[in-house]
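Novice: Next one to model:
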Amino acid sequence: MADKQGHFCPVCGESIYNGEPLHLHHKIPVHQGGNDSLTGLSLATPSLPPDHTQQQIEQTEAFFYA
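Specialist: Residues are numbered from 1 along each chain as shown. Predicted structure coming up:
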């Protein structure tokens, strides 16, 4: 998963090796039909902005996964 992301958080763009613990981030929230498969998850830093929007997440992930 880290290789696929280029070793960066797909939401904030920081290195996943910045010393913060990682958490699994659902690309699509479970309550909106997301799942726990490898294609439905990404490694993210806990420093996600509290007001991040799904559009911001999709734009950032599109950059990293293109």
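
Novice: Low-confidence ranges, the chain, go.
Specialist: Low-confidence segments of the chain (pLDDT under 70): 47-57, 60-66.

Novice: So Ser15 is in contact with Gln5, correct?
Specialist: No - using CB atoms under 8 Å, Ser15 is not in contact with Gln5, being 10.3 Å away. To be clear about C-beta, it is placed using only N, CA and C from the backbone, and glycine gets the same treatment.

Novice: contact partners of stretch 16-23?
Specialist: Applying CB atoms under 8 Å, 6 or more residues apart in numbering, the set of residues contacting stretch 16-23 from outside is Ala2, Gln5, His7, Phe8, Cys9, Leu43, Ala44, Thr45, Pro46, Ser47.

Novice: In CSV, list the residues you listed along with distance to Ser37 and secondary structure.
Specialist: Formatted as CSV, the contacts of stretch 16-23 follow (distance: CB to CB, whole Å; DSSP: H, G, I helix; E, B strand; the rest coil):
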residue, distance to Ser37, secondary structure
Ala2, 16, coil
Gln5, 15, coil
His7, 21, coil
Phe8, 21, strand
Cys9, 19, coil
Leu43, 14, strand
Ala44, 16, strand
Thr45, 21, coil
Pro46, 22, coil
Ser47, 25, coil
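
Novice: Apply the buried test to these and list what passes.
Specialist: If you count burial by 16 or more other CB atoms under 10 Å, the buried members of these come out as Gln5, Phe8, Cys9, Leu43, Ala44, Thr45.

Novice: Give me the number of neighbouring residues for Met1.
Specialist: The burial count assigned to Met1 is 12, neighbours taken as other CB atoms under 10 Å.

Novice: contacting residues around it?
Specialist: Contacts here follow CB under 8 Å, 6+ apart; on that basis Met1 touches Leu38, Leu41, Ser42, Leu43.

Novice: Those in strands, which ones?
Specialist: Among these, the subset assigned to strands under DSSP state E consists of Leu41, Ser42, Leu43.

Novice: quick one: the second one and Asp36 touch, right?
Specialist: No - contact between Ser42 and Asp36 fails when scored by CB under 8 Å: they sit 11.9 Å apart.
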